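1. have a look; sequence and predicted model below, questions after that.
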Amino acid sequence: MHTRVGKIISREILNWLISSSLKGISQIILIENAVTGFIILMAIMVSSLPMGIIALLSSITGTLIGKLGGADGKIVNQGIYGYNSVLTGMALSLFLKGDNRWIIALAGAAIAAIFTAAMIHIMRQVGLPVLTFPFIILTWFLLLTAYRLVSFKIDPKLAPQSLANWTLNIKGETNWLDGAVNGMGQIFFLDNNWSGILLYIAVFWAGWRFGLYAIIGNGAALLTSYALGGEHSLIFMGFYGYNAILTMIAVANVFKEGHRYALLYGILAACLTVPITASIVTWLLPYGLPALTMPFVFCTWLLLGAMKSLRSI
Amino acid sequence: MHTRVGKIISREILNWLISSSLKGISQIILIENAVTGFIILMAIMVSSLPMGIIALLSSITGTLIGKLGGADGKIVNQGIYGYNSVLTGMALSLFLKGDNRWIIALAGAAIAAIFTAAMIHIMRQVGLPVLTFPFIILTWFLLLTAYRLVSFKIDPKLAPQSLANWTLNIKGETNWLDGAVNGMGQIFFLDNNWSGILLYIAVFWAGWRFGLYAIIGNGAALLTSYALGGEHSLIFMGFYGYNAILTMIAVANVFKEGHRYALLYGILAACLTVPITASIVTWLLPYGLPALTMPFVFCTWLLLGAMKSLRSI
Amino acid sequence: MHTRVGKIISREILNWLISSSLKGISQIILIENAVTGFIILMAIMVSSLPMGIIALLSSITGTLIGKLGGADGKIVNQGIYGYNSVLTGMALSLFLKGDNRWIIALAGAAIAAIFTAAMIHIMRQVGLPVLTFPFIILTWFLLLTAYRLVSFKIDPKLAPQSLANWTLNIKGETNWLDGAVNGMGQIFFLDNNWSGILLYIAVFWAGWRFGLYAIIGNGAALLTSYALGGEHSLIFMGFYGYNAILTMIAVANVFKEGHRYALLYGILAACLTVPITASIVTWLLPYGLPALTMPFVFCTWLLLGAMKSLRSI
């Protein structure tokens, strides 16, 4: 009898853990849906199996820290303690070299969950969401340790460069189809076309509106960055698109369904991410760091904050 | 009948718009006075007609966004949604090159109003004013986009430079009269003496105390920067004075009229802007960006924040 | 009669001032104890008499500003208005050159107290302590003024360096005993062994738990930085230890005496300061600035903030 009850309980716990962790993966694109999380996980694994394993383990780590730490249970179940951990774990696995990077990635995932807890407390005061701020700051900090601690080996492609020596050359192939798929992939550090298509399926699964927002947000960024004269190689790698997709979803989603201007405000926000991306990359050039999703965080905070004062919007 | 009523209404709206937009210009020096705003506008036009047009259009843009967005009407009428837009519009017209800079300037003015709305919400929590923070951050970001988007052409004078290569040479002509006028002009990016004199008239029009604060604040900065050994060319261009004027007015103005120490605290705050200006310029050297009014924002927040804890001041 | 009463009053005031100022010195290591403050003062004087005088005068300056400014009396008596002033006064005396540095140091101590007042107001909103944030930011700013004002002469050892030119070489002597003492000394910019021993006496005087935390925190940082491959010369100079000691005390101290995990969380926090120190030093490399106690501030805010959301900790 007892063992059977025990089995049922542990199966329940396992179900909860898997479901919350998959939601943690889907929360990266501001969606709470375990199936979407699962398809995204597949998209990552198609591109790299170890990366997929790290993503899942990171989400489990973050979710467990939230649960065992005694965070608001409802929030933990929604995957809110998972998504910063997933992104941190994946980014560190990708931008660091050496075998120990898997351990650093999981330790980073754990710290990301603690950082998320701190930011939830701080941002509650201003009524704005945490978004991916903990992931961005923590990843930047852990990558820069490589200049002082030999056990951290940063990818040599992330080379610091003086802004004084920088020259802009935007020429390159234009490939709109690649751009359409890659913007989605870049959210998860993926540049595989199959992964990109799987990601779109994952988003559409959660609701056609999410899928529509993703396509429109990415398209707005592609056109804006092309019109403003961004580097073609970066544009069609999805470099300008991924922040626009996230911002579009975050901004359009705060409006009630059927709001007249939801789409318009979302598109404006998506376009704004393009110059913001360009300048954040410039700020980071002397440190050789990637922009990650900081443009999304800035633009979304800007618009959600403004809505608190501009009450007719 | 109907058209007459319509005319009266549209004339009323126009009056409101012009009055609020001129107040938006006067709010740059923390004054709410449409006539002062008008004289400032003249001072700008004396120096450059297109710059004056951009200033007015930017203020109108910001004010309309505040009004149509549904911000607190009282605040919009005071010009609070205008001044960051005016400064952003003018700074972008000045520091960017190319014909498209007028469009970028107006787009920047619009974003500045949205940023102001967000900051009003955030700063309400700590009980401190927004000041020119949105203008500064937004202008820095939009100038830096030039390194990644060819349609933004930054003035080559704003050249990034490694701090390691920097050598300080303070020698240069000393011209105290120029210094007295230029500090005021620099608030509005003007180095024309006639403009400087018109600006003093604008300030005195709003009240002799404002005029006095401006003269004393600028004088305090001139003497402090000279005594501490700043670059003469910069001192007498008003480079150290303009933040001191703004800080002096902001700090002295929170005290009730006739407060014993209002003037003293104002002067101390004005002197403090000198080392803060020197260090902000140094932080920005690797990016080639101008300090704008960040020293004013830092010093004013510092002193107003301190007053909340130091209750006898 | 009257003069006798007057004498008693002025003696009382003097007693209060000395006691509060010595507590201001002890608050640097988060301890409120005048005797501990006195022993620390001795430790500083053993290393350098003028530095000790500046430390005491800075603490008196900060405490008087708090008192005369009308801050909460209880907080002033605890030395809260003193410790940022002491650190700022000492850091400026140490990192600036020239005879005028003593004046700059005392002026800096005064501004630090005003900055502390402002931060007490701001941090009250999020329920986190001010820690040494005002000291760090103010010292960084005042050191950087040296690039623009000739009267500030920065120590040439604080040379800015492009991150692109940086190469890491960790080889150097390993001296664990030096490391054990130096971590404590570095909190007060001291590298004298006798001073280090006096500092341990000061901490143990305040309570054996504080002493234990200091030893364990420093040990955790020594081992972590060695294991992660930090520069040996820096490790054994106490470069990684001092932030760990402060963080360990700050974090372990918020738990009730006898809490099961207080020690564990303190040690984890202490270990976390190591990569954070490595990255803050990297961020500052292009400016040639020292990390000061920023790693301590970041890690402590991170953990105390997280505890507000993670209620079972």
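-> Good, I have the coordinates. Keep in mind that this is a model prediction, so the values were computed, not measured.
2. C-alpha only now, for contacts and for neighbours.
-> Fine.
3. now do the phi/psi pair for residue A:190.
-> Phi and psi for residue A:190, reported as degrees, to the nearest 10, are phi -110, psi 140.
4. try residue A:98
-> Main-chain torsions, residue A:98, degrees, to the nearest 10: phi 90, psi 150.
5. for residue A:67, see how far away the residue nearest to residue A:64 when sequence neighbours are not counted is.
-> The shortest distance from residue A:64 to any non-neighbouring residue, by C-alpha to C-alpha, 6 or more residues apart in numbering or on different chains, is to residue A:17 (7.9 Å). Separation of residue A:17 from residue A:67 (C-alpha to C-alpha, to the nearest Å): 10 Å.
6. which residues touch the residue nearest to residue A:64?
-> A:60, A:63, A:64 (C-alpha atoms under 8 Å, 6 or more residues apart in numbering or on different chains).
7. just the ones in helices from the residues you listed, please.
-> A:60, A:63, A:64 (DSSP state H).
8. got the contact list for the first one?
-> The contact partners of residue A:60, taken as C-alpha under 8 Å, 6+ apart, are A:17, A:18, A:21, A:82.
9. name the residue of the stretch 1-150 of chain A that lies nearest to chain C.
-> Closest approach between the stretch 1-150 of chain A and chain C, counting by C-alpha to the nearest C-alpha: residue A:118, at 3.8 Å.
10. how much space between that residue and residue C:299?
-> Going from residue A:118 to residue C:299 by C-alpha to C-alpha gives 11 Å.
11. got the residues of chain A near chain C?
-> Counting by C-alpha under 8 Å from any C-alpha of the partner chain, chain A comes close to chain C at A:66, A:68-72, A:114-122, A:125, A:141-152, A:159-162, A:286-287.
12. out of the residues you listed, which are buried?
-> A:66, A:69-71, A:114-122, A:141-152, A:160-162, A:286-287 (16 or more other C-alpha atoms under 10 Å in any protein chain shown).
13. so which of the residues you listed reach chain B?
-> residue A:162.
14. the strands in the stretch 51-200 of chain A, which residues?
-> All strands of the stretch 51-200 of chain A, identified by DSSP state E, counting those that start in this stretch, fall at A:96-97, A:153-154.
15. now render those strands as a markdown table, adding mean neighbour count.
-> Putting the strands of the stretch 51-200 of chain A into a markdown table (neighbours: other C-alpha atoms under 10 Å in any protein chain shown) gives the following:
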| stretch | mean neighbour count |
| --- | --- |
| strand A:96-97 | 19 |
| strand A:153-154 | 20 |
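16. what's the closest of those strands to residue C:308?
-> Closest approach to residue C:308 among the strands of the stretch 51-200 of chain A (C-alpha to C-alpha): strand A:96-97, 31.9 Å.
17. strands paired with that closest one, and their directions?
-> With DSSP bridges as the test, strand A:96-97 is paired with strand A:153-154 (antiparallel).
18. quick one: mean pLDDT for the partner strand?
-> The pLDDT scores in strand A:153-154 average 96.
19. hmm, back to that, give me the phi and psi for the residue nearest to residue A:64.
-> Torsion angles, degrees, to the nearest 10, at residue A:17: phi -60, psi -50.
20. tell me the confidence at it?
-> Residue A:17 is given a pLDDT of 96.
21. now residue A:257
-> pLDDT recorded at residue A:257 is 70.
22. for it, which three-state class applies?
-> Here residue A:257 is recorded as coil under DSSP: H, G, I helix; E, B strand; the rest coil.
23. how many neighbours does it have?
-> By the measure other C-alpha atoms under 10 Å in any protein chain shown, the count of residues near residue A:257 is 10.
24. any idea how far it lies from residue A:99?
-> Residue A:257 sits 47 Å away from residue A:99, going by C-alpha to C-alpha.
25. again, but for residue A:187
-> The spacing between residue A:187 and residue A:99, counted by C-alpha to C-alpha, is 24 Å.
26. can you check the pLDDT for residue A:5?
-> On the pLDDT scale, residue A:5 gets 77.
27. scratch that, residue A:286
-> With respect to pLDDT, residue A:286 scores 95.
28. list the contacts for it?
-> A:160, A:161, A:162, A:163, C:162, C:163, C:164.
29. let me know the closest of those to residue C:30.
-> residue C:163 (34.3 Å).
30. that closest one contacts residue C:288, doesn't it?
-> No - Residue C:163 lies out of contact with residue C:288 (C-alpha atoms under 8 Å); the separation is 10.7 Å.
31. nearest residue to residue A:244 other than its sequence neighbours?
-> That would be residue A:270: by C-alpha to C-alpha, 6+ apart, it lies 4.3 Å from residue A:244.
32. check the gap between the one you found and residue A:47 for me.
-> In terms of C-alpha to C-alpha, residue A:270 sits 27 Å off from residue A:47.
33. mind checking how far the strand or helix carrying residue A:10 is from the chain centre?
-> With elements taken from DSSP states H and E, the one containing residue A:10 is helix A:2-26. Relative to its chain's centre, helix A:2-26 lies at 26 Å (C-alpha atoms, centre = their mean, to the nearest Å).
34. do stretch A:306-313 as well
-> Offset of stretch A:306-313 from its chain centre (C-alpha atoms, centre = their mean): 26 Å.
35. how about the residues of the stretch 101-250 of chain A near chain B?
-> A:125-126, A:162-164, A:166-168, A:170, A:225, A:228-231.
36. quick one: contacts for the closest residue in space to residue A:77 that isn't next to it in sequence?
-> Nearest non-adjacent residue to residue A:77, counting by C-alpha to C-alpha, 6+ apart: residue A:20, 5.1 Å away. By C-alpha under 8 Å, 6+ apart, the contact set of residue A:20 is A:34, A:63, A:76, A:77, A:78, A:79, A:82.
37. for residue A:20, give its distance to residue A:95.
-> Distance of residue A:20 to residue A:95, given as C-alpha to C-alpha: 27 Å.
38. with residue A:209 instead?
-> For residue A:209 relative to residue A:95 (C-alpha to C-alpha), the value is 33 Å.
39. which of the contacts of residue A:17 lies closest to residue B:39?
-> With C-alpha to C-alpha as the yardstick, the closest approach to residue B:39 among the contacts of residue A:17 comes from residue A:63, at 60.6 Å.
40. quick check: which ranges of chain A have low pLDDT?
-> A:1-2 (pLDDT under 70).
41. which residue ranges of it form helices?
-> According to DSSP H, chain A carries its helices in the segments A:2-26, A:34-47, A:49-69, A:73-77, A:83-95, A:101-124, A:133-144, A:176-187, A:193-206, A:208-228, A:232-236, A:241-253, A:262-284, A:294-309.
42. could I have the CA atoms of the last one written out in CSV?
-> Once side chains and other backbone atoms are set aside, the C-alpha atoms of helix A:294-309 remain, and they are given as CSV (Å, rounded to 0.1, in the frame of the first residue of the first chain):
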residue,chain,number,x,y,z
MET,A,294,18.9,43.7,-23.4
PRO,A,295,17.2,45.7,-26.3
PHE,A,296,14.0,43.8,-25.6
VAL,A,297,14.2,44.5,-21.8
PHE,A,298,14.9,48.2,-22.3
CYS,A,299,12.1,48.7,-25.0
THR,A,300,9.6,46.7,-23.0
TRP,A,301,10.2,48.5,-19.8
LEU,A,302,10.1,51.8,-21.6
LEU,A,303,6.6,51.1,-23.1
LEU,A,304,5.1,49.3,-20.1
GLY,A,305,6.3,52.1,-17.8
ALA,A,306,5.0,54.8,-20.1
MET,A,307,1.6,53.1,-20.2
LYS,A,308,1.4,53.6,-16.4
SER,A,309,1.5,57.4,-16.9
